[in-house]
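> I'll drop the sequence and a predicted model, then ask my questions.
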2 protein chains.
Amino acid sequence: MPRLVMKFGGTSVADLDKINNVAKKICKEVENGYEIIVIVSAMSGKTNELVRWVRESASEGYNYDKAEYDAVVSSGENITAGLMAMRLQAMGVSARSWQGWQVPLKCTGLHEAARIDAIPSDNLDASFSAGAKVAVIAGFQGVMADGRIATLGRGGSDTTAVALAAALDAERCDIYTDVDGIYTTDPRIVSNARKLDRISYEEMLELASLGAKVLQTRSVELARSYRVRLRVLSSFEEDISVKNGTLVCSEEEIMENIRVVKGVAYSRDEAKMTLVSVADRPGVAAAIFGPLADAGVNVDMIVQNISEDGRTDMTFSCPVDHVPMAEAAMQKATSEGELNYRDLITDSNVAKISIVGNGMRSQAGVAKKMFQVLATHNANIQVITTSEIKISVLIDRKYMELVVRALHDEFELKDA
Amino acid sequence: MPRLVMKFGGTSVADLDKINNVAKKICKEVENGYEIIVIVSAMSGKTNELVRWVRESASEGYNYDKAEYDAVVSSGENITAGLMAMRLQAMGVSARSWQGWQVPLKCTGLHEAARIDAIPSDNLDASFSAGAKVAVIAGFQGVMADGRIATLGRGGSDTTAVALAAALDAERCDIYTDVDGIYTTDPRIVSNARKLDRISYEEMLELASLGAKVLQTRSVELARSYRVRLRVLSSFEEDISVKNGTLVCSEEEIMENIRVVKGVAYSRDEAKMTLVSVADRPGVAAAIFGPLADAGVNVDMIVQNISEDGRTDMTFSCPVDHVPMAEAAMQKATSEGELNYRDLITDSNVAKISIVGNGMRSQAGVAKKMFQVLATHNANIQVITTSEIKISVLIDRKYMELVVRALHDEFELKDA
């Protein structure tokens, strides 16, 4: 019997009514002939209550034991899983709940940010063989080798869903969320943005890392590695047939690769920092970006100018709110004699705009077309980076919306 | 290092402030040189919230899956255990939480009413050997052989505490509750009732089964079997030194066995039912009490009158609110031809009064003294049952308080 993974976030199971609605969706897929693996989050608000209790119980709120945090906070998902299983049973569907340690989802790494190491499928396989139609699994958790409960890092529930789809050889992994799919760009900026029916793993990865928050990068990477077909769709729509949502899949599955560019992404609150006149010698990049990484600065684009008289300028971008950390890190490196530069110039008024598409690999002239659009709108390009399927530029923030709309038009992404 | 078990009920850990107070008590015992096993309940109110969700999720509220009930409801204790461990850590004590399956508390029987089968102590022993001072264990739960979570039946947390004390060879098992010990009788009826310093397992068992609700019968039975010294004391008093509370222990430990009678117990809402003129032949008792047991009637005292012409009267007592069930069961048995009697007389206005004490074994005249007190106060004895260390009588309910006070005086139980 084919298997299907269905994952529901906290807003989709916020209360008993919503749990009931989700149970109906699951029933439909059982009627469609699937064995279902459901991953549920905590009822929204529950995790916050537990986290508040944990913080108040710990001294000063910081030096708490992350293993205890995990033991307490994972309860939220366990509760939803049990309630969902009961609701399904009440609808006449053979279902049971599974806590992370029961599956087991074996984890490694640190508490509160654990990673899935292995998912032996024996227990779930046996349950399906014995006639169960639905396994409701508490998301965001697993068990460490020492038998203690672990919660996963950011995006953990999506990752759990994909990992289970891979381990149980599911036909598809449906991620139910509060949006109805992946769009060519942000519909709040471009009113005629179009929902994509399909998108490749690679394109989704670029979009995710560029700020499209629908799927966590980690879960898309995992889906690509194990060729798990991933669908994003809305949990608040009745119709769950395959024509809904956006399917994230391998390039070969995408027949209609007509458009060269798939989407336009943006990141509003970027800053550009330039170290003026640093020594152009081996080791200088490490002397700059080592301290920045240690300080937790999320460096994105990096450009090095051509050298003059053995000195060069080094420019990088980071989120605006990381600027104070970056400045402190550079001053500290200088005072410790690790680094030498004439000036540090910060521009906190830039935004990043990117175009993404697998077709760019084979099509020439995409970059030229993008730069012409920017020129037409007087948006000066400050930094450029490219990958095989992406071009990103930093521009003055005030042009951002204008340029996103113009690019969306130019590459014919709008709704028909 | 000596070990101590400390058990706290839901009202003792009702909120973070109360959890903090309990943590201070635990710290004191750590300072006293003990390795501590703490058993905690859910924060009061939490279990009710979970039970409400479970009932609403199940259809019609009744045909729910008890395994899912257990999975959901056990979360409450897990949360308290984690928070308590964190609070102790914040106080500088090496502590960790344990869920039932982690210990493991191996269970058998039915979900929602499981029984503890075995507690391998390896994991806890290893934790203490590695330097932990406190193991905080989620009460009321364990794990079935198939790996599913079980919750224990009524009084499960007390039983968990005693079972752990036995498995871990603890010096004592302290049950913290909302009363400060076991009394010679109910202080609400007899103002000069005296708190007992010590009481034997056997006496406590009689008192518990007679309606003293401080300890569950099952936990006292287990304590007697494994010779676990059990102390009942208040969680709302500062002083936790051994002079507080009441110690339930073996008879040999009780030096000052001066008083013959240890306590006077009562049960207010009893009913007496008499089947008039039933056949006096083998099998008739089974024909009566079989259907009563099947109907869930809690039959307590049973008396059979002497036979006349091959017919006899059979009298039994039960809780007043079981009377309708009992009457229906007798009618059903009659209509099915299993039973034949002339009349069924119900008296719903009786109360049971008992005196309990190990000394009664060796002392003659205790019964006579009791009956004289009853006669003095015109309380007609309707039914009598006795055990080695207990005499119980049924009397008209209106004499109950009067007789309890008189017996308390007569057997010199009052506060000095």
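Received it, and whenever you're ready, just let me know what you need. Numbering: from 1, shown residues only, chains lettered A, B, ... in the order given.
> CA only for contacts and neighbour counts going forward, please
OK.
> what bits of chain A have low per-residue confidence?
Low-confidence segments of chain A (pLDDT under 70): A:59-62, A:209-212, A:255-258, A:416.
> hey, which strand is longest across it?
strand A:263-279 (DSSP state E).
> in it, which residues are buried?
Along strand A:263-279, these residues count as buried under the neighbour rule (16 or more other CA atoms under 10 Å in any protein chain shown): A:263-268, A:270-279.
> alpha carbons only: can I get that strand in CSV?
Provided in CSV are the C-alpha atoms of strand A:263-279 (Å, rounded to 0.1, in the frame of the first residue of the first chain):
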residue,chain,number,x,y,z
GLY,A,263,11.1,33.4,-8.9
VAL,A,264,12.2,36.7,-7.5
ALA,A,265,13.3,36.8,-3.9
TYR,A,266,14.3,39.7,-1.7
SER,A,267,15.8,40.4,1.7
ARG,A,268,14.9,43.9,3.0
ASP,A,269,17.1,44.5,6.0
GLU,A,270,20.6,44.0,4.8
ALA,A,271,23.8,46.0,5.6
LYS,A,272,26.9,46.4,3.6
MET,A,273,30.2,46.8,5.4
THR,A,274,33.5,47.7,3.8
LEU,A,275,37.0,47.4,5.4
VAL,A,276,39.1,49.9,3.5
SER,A,277,42.7,49.2,2.8
VAL,A,278,43.5,45.8,4.4
ALA,A,279,46.7,44.0,3.5
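> what's it packed up against?
Secondary-structure packing of strand A:263-279 (3 or more CA pairs under 8 Å, 6 or more residues apart in numbering or on different chains; DSSP states H and E): strand A:311-319, strand A:343-356, helix A:400-410.
> where does A:Arg172 fall, phi/psi-wise?
With angles defined as degrees, to the nearest 10, A:Arg172 sits at phi -160, psi 160.
> separation between it and B:Cys27?
Distance of A:Arg172 to B:Cys27, computed by CA to CA, to the nearest Å: 53 Å.
> so which of the helices and strands packed on strand A:263-279 gets nearest B:Ile199?
Shortest distance between B:Ile199 and the helices and strands packed on strand A:263-279, using CA to CA, is found for strand A:311-319: 70.1 Å.
> nearest residue to the closest residue to chain B within the stretch 201-350 of chain A other than its sequence neighbours?
With CA to the nearest CA, the shortest gap between the stretch 201-350 of chain A and chain B falls at A:Ser235, namely 19.3 Å. Leaving aside its sequence neighbours, A:Ser235 sits nearest to A:Tyr176 (CA to CA, 6 or more residues apart in numbering or on different chains; 5.0 Å).
> close to chain B: what parts of the stretch 1-150 of chain A are there?
A:16, A:53-54, A:56-59, A:64-65, A:68-69, A:71-73, A:75, A:78-80, A:82-87, A:89-91, A:96-97, A:102, A:147-148 (CA under 8 Å from any CA of the partner chain).
> rerun at 7 Å
Applying CA under 7 Å from any CA of the partner chain, we find that the stretch 1-150 of chain A lies next to chain B at A:16, A:54, A:57-59, A:64-65, A:68, A:71-72, A:75, A:78-79, A:82-83, A:86-87, A:90, A:97, A:102, A:147.
> of these, select the buried ones using a PyMOL command.
Selection of buried members from the residues of the stretch 1-150 of chain A next to chain B for PyMOL, criterion 16+ other CA under 10 Å:
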select buried, chain A and resi 16+54+57+58+59+64+65+68+71+72+75+78+79+82+83+86+87+90+97+102
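> for the stretch 51-200 of chain A, what spans make up the helices?
Using DSSP state H, counting those that start in this stretch, the helices of the stretch 51-200 of chain A run over A:66-73, A:75-90, A:122-129, A:156-167.
> ok, now how distant is the most centrally placed residue in chain A from B:Lys28?
Nearest to the mean C-alpha position of chain A, counting by CA atoms, centre = their mean, stands A:Gln216 at 1.7 Å. Distance, A:Gln216 to B:Lys28, by CA to CA: 47 Å.
> what does A:Ala379 give?
70 Å.
> how about A:Ala166?
Noted for A:Ala166: a distance of 51 Å to B:Lys28, by CA to CA.
> swap in A:Lys213?
Distance of A:Lys213 to B:Lys28, computed by CA to CA: 50 Å.
> and what of A:Pro187?
Distance, A:Pro187 to B:Lys28, using CA to CA: 61 Å.
> can you pull the contacts of A:Arg227?
Residues counted as contacts of A:Arg227 (CA atoms under 7 Å, 6 or more residues apart in numbering or on different chains): none.
> so how far is A:Ile254 from it?
For A:Arg227, the distance to A:Ile254 equals 14 Å [CA to CA].
> can you check A:Ala364 too?
Going from A:Ala364 to A:Ile254 by CA to CA gives 21 Å.
> residues making contact with stretch A:269-284?
With contact meaning CA under 7 Å, 6+ apart, stretch A:269-284 is reached by A:307, A:310-320, A:340-352.
> now with 6 Å, please.
Residues from elsewhere that reach stretch A:269-284 (CA atoms under 6 Å, 6 or more residues apart in numbering or on different chains): A:310-320, A:340-348, A:350-351.
> one more: stretch A:27-37?
Residues from elsewhere that reach stretch A:27-37 (CA under 6 Å, 6+ apart): A:Pro2, A:Arg3, A:Leu4, A:Val5, A:Lys133, A:Val134, A:Ala135.
> again with stretch A:242-258
By CA under 6 Å, 6+ apart, stretch A:242-258 touches A:180-182, A:196-201, A:229-233.
> can you give me the helices in the stretch 201-350 of chain A?
A:201-209, A:217-226, A:284-294, A:323-335.
> pick the most deeply packed of those.
Highest mean neighbour count of the helices of the stretch 201-350 of chain A: helix A:201-209, a mean of 22 (counted as mean count of other CA atoms under 10 Å in any protein chain shown).
> from the contact counts, what lies against that helix?
If you count contacts as 3 or more CA pairs under 6 Å, 6 or more residues apart in numbering or on different chains; DSSP states H and E, helix A:201-209 packs onto helix A:217-226.
> please state the offset of the host helix or strand of A:Ala375 from the chain centre?
Assigned by DSSP states H and E, A:Ala375 belongs to helix A:366-376. Taking CA atoms, centre = their mean, to the nearest Å, one finds helix A:366-376 lying 28 Å from the centre of the chain it belongs to.
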